[in-house]
Structures are given as structure tokens and as C-alpha cells.
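Q: Here is a sequence together with a model predicted from it:
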Amino acid sequence: MAVQLHLSNHARSLLEQRSSILQKHFGAAIDADVHLSDPEQLPAALAERVQSAPDYFHGRPIGLAQLLGELDLAGVHGALCWQNPSATEYGDDPVENHRRLLDANRYVAFAADEEPERILPAGWTDPKALGVEGAVALVDALVSELGFPIVKLNPAQNAFPIDGHDSLTVVRRILAWGAVPAFHYGADTPYTPASGLEAVAELCDPQPVIAVHMGGGGASYTAAEELYHETRALGLRRKNIHFILSSRRDSHTVSDLIAFQEAGNPSCANLSWGSDAPYGSIPWNFGGIEALLRAMRHRNFPDPRIQDNPALFDDEAVRDYLGGNIARLYGEACSSVLATATYR
């Protein structure tokens, strides 16, 4: 018997509101990969480190105010946000882990409530720390109560195969809501091979799946090399995978942009840009990609595909990569949940 999935009236209103806002700001720059943390709820040891160590450390958490300041400095309108796993501590109790992860997701919802014109909230669940039933229950809460149309899993950090039984069970629940599953997808661990992502894409088809980092994700240049090539071929073959280009090697980003733009629709609509903040700098990343895209519109760019076709990246293509593609995907995800779920 199929499970009846019901949206709260509050979630329905949020999804409708976000669809309307995206239409208003379509074409604005959007960072498609940002991790937010509640600065008032950081674990004690992490909070002390934030206060005492202003120098770099991996994943130094940022709250909403810091994010808005950095977006403004970068000239970026908004951001797709999920929780920061480095700021969410797990223990041995899956029920307590569920509570902690739900609280982290609720801060993302709070940020979107505070800045509905700028924050696109997305959820996060974890079948390893919460157990499969707990992870599915969290998906239900994220969609039905908070109105999140995208829910992410991180097989790399949480050590489970992207196409394993537990992962696919959670993906099926996300799809049942009409929502979009997202994954950390990189060469930093063995849990997200190209074959695994393809298996997930087959399950989701024709609904989309988001693969964050497009094979990068903090892996060394040499470790990621093979996966970058496999992923490019996979993305051109599988049209329902949307890649967020964040935390990855710039030379492969150039090849991906050219290959997907040459392929035309729908391939070129399946790439979006992100900083992976706070793991990456928003001004650095958006300043870099904007400069790169400008350079790729000139005949003297050192790639024969550009030299043969300097008009490959027109104004519309640039707008889409810098925000239009993720805005379109997010809006379609909102509409899909509204069309799939019933209301209570």
C-alpha cells in the first residue's frame, strides 16, 4: 500500500512563495552550494575554536549574517543553502542524532524565513547516523513541515555507498514527495564512484538528481583525475543529473563547461556554480568564474573549441551557469512537490 504524503499548509505556502520569488529574480547570480550553521548552537569545543582561532580551519562555520555580508561583497544575489556537517556532532544514539540534524536543518529554514528573497533552503539527511527509518522520517519532516524541495545525503563523510540499499531507500522517499535528491559526489572517498551515481540517476529518471562537486569534493588533483573524466562522460550521457561545480579543479571546469555548452540543451542546463562556503570563499569563487567566462568569449582563449567558436558562451549561457540553471531546477522542484503531495 502506498504511503500517503501530506504537505502542511505552511509548507505549501512556502513552496508557492519560493516559486514566485525565483521568477522575480530569475537571472540573478546564485551560489548553489553554501553550508549554514546556527552560531548560537555550535558545539562547545567548536564555538571556542571559532572565537580563539581566526586563522583558517576546514569548514569554519558561518551564520546567516556572515553569509549575507559575503554575498554582498561578491555581488551575488542569493544562495542555495544546507546545513554544515562539520558543525553537527553525532553520538551513538540515532534518536538524538535525528534531533540534532533536524535542528541544523531548522536553522536553514530560519535563514530562508528571515531572507526569503535571497536564501533557497535545502535539506540534509543521513541513513548512517540516524538509521534508515530515522533518515526517511527526517525527509518527511523536511518536506512536509519545512517545505524543502531538495534533500541531500553525504555518502563520503558518512561512509555509505551512494547506490547502497540504505541510500536508495532514502532516495525513493525523496522522489515519492516529488522532491529532488542531492549527493556529495567526489573522489575524496570510494563511496561515490561514477557507476554509483549512474545507478542513482537510473532510479530517479526522469526526475533529476543533484551531484554536488562533480567529482571533486576535496580530493587531490591526481586522485580526482579519473573520476573527472568518467563524470563528464556520464553527465553527457545521463540527462537527469544536475552538477554543482564547487570544490573542484579549474582546468576540468573549463573542459566541462565547453563540452556541456557544445552539447546544447538539456546538457548545458545541468551545470551550476557554487562556492562550497565556508569550505570555499564566495568572492574568490564568483570572481574567478566570472573572469573565466569572460575569457572564454574571446578567440585567443587557449582551447581550440573556443577558438573555433568564440560565440559559444553568449550572455544567456553565462547567466544560466551563474544562477539561472539552479533557479530553474529549484523552481521546478517546488512545483513538483506541490503537484505530487496532498495537503492537510
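A: Nice, thanks for sending it over. Numbering: from 1, shown residues only.

Q: quick one, helices of the stretch 101-250 of the chain?
A: 127-144, 155-158, 165-176, 194-204, 221-237, 250-263 (DSSP state H, counting those that start in this stretch).

Q: Pipe the ones you listed into JSON lines and attach mean pLDDT per row.
A: Shown next, in JSON lines, are the helices of the stretch 101-250 of the chain (pLDDT from 0 to 100):
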{"stretch": "helix 127-144", "mean pLDDT": "98"}
{"stretch": "helix 155-158", "mean pLDDT": "93"}
{"stretch": "helix 165-176", "mean pLDDT": "98"}
{"stretch": "helix 194-204", "mean pLDDT": "98"}
{"stretch": "helix 221-237", "mean pLDDT": "95"}
{"stretch": "helix 250-263", "mean pLDDT": "96"}
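
Q: Throw those into TSV and include mean neighbour count, thanks.
A: Where you see a C-beta, it was placed from the backbone N, CA and C, and this is true even at glycine. Output for the helices of the stretch 101-250 of the chain, formatted as TSV (neighbours: other CB atoms under 10 Å):
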stretch	mean neighbour count
helix 127-144	21
helix 155-158	21
helix 165-176	19
helix 194-204	19
helix 221-237	17
helix 250-263	17
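
Q: Quick one: closest of these to Arg319.
A: Within the helices of the stretch 101-250 of the chain, the stretch nearest Arg319 is helix 250-263; the backing value is 13.0 Å (CB to CB).

Q: Give me the contact list for the following helix or strand past that closest one.
A: On the C-terminal side of helix 250-263, the closest following helix or strand by DSSP states H and E is strand 271-273. With contact meaning CB atoms under 8 Å, 6 or more residues apart in numbering, strand 271-273 is reached by 30-32, 214, 242-246, 256-257, 260, 285-286, 289, 321-323, 325-326, 329.

Q: Just the pLDDT at His58, thanks.
A: With respect to pLDDT, His58 scores 79.

Q: Under a three-state scheme, what state does it occupy?
A: coil (DSSP: H, G, I helix; E, B strand; the rest coil).

Q: got any ranges where this protein has weak pLDDT?
A: Scanning the chain for pLDDT under 70 picks out 1-3, 344.

Q: In this structure Gly63 contacts Val34, no?
A: No: using CB atoms under 8 Å, Gly63 is not in contact with Val34; the gap is 11.4 Å.

Q: among the contacts of strand 271-273, which ones are buried?
A: With burial judged by 16 or more other CB atoms under 10 Å, the buried subset of those is 30-32, 214, 242-246, 256-257, 260, 285-286, 289, 321-323, 325-326, 329.

Q: Filter those down to the ones in strands?
A: Under the assignment DSSP state E, the buried ones among the contacts of strand 271-273 contribute Ile30, Asp31, Ala32, Met214, His242, Phe243, Ile244, Leu245 to strands.

Q: farthest pair in these?
A: Within those, Ile30 and Met214 form the most distant pair, 16.9 Å apart (CB to CB).

Q: contacting residues around Cys204?
A: Here Cys204 is in contact with Val171, Leu175, Pro181, Asn240 (CB under 8 Å, 6+ apart).

Q: Could you report the distance from it to Val180?
A: Cys204 sits 8 Å away from Val180, taking CB to CB, to the nearest Å as the criterion.

Q: same check, this time on Glu226
A: Counting by CB to CB - Glu226 and Val180 are separated by 27 Å.

Q: Make CSV from the helices of the stretch 101-250 of the chain and add distance to Ala269 to it.
A: Listed next are the helices of the stretch 101-250 of the chain as CSV, based on distance: least, CB to CB, whole Å:
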stretch, distance to Ala269
helix 127-144, 24
helix 155-158, 25
helix 165-176, 20
helix 194-204, 15
helix 221-237, 11
helix 250-263, 9
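
Q: For His25, which non-adjacent residue is spatially closest?
A: Distances taken as CB to CB, 6 or more residues apart in numbering put His77 closest to His25, at 6.1 Å, once the chain neighbours are dropped.

Q: The one you found reaches Gly323, doesn't it?
A: Yes: counting by CB under 8 Å, His77 touches Gly323, with 7.1 Å between them.
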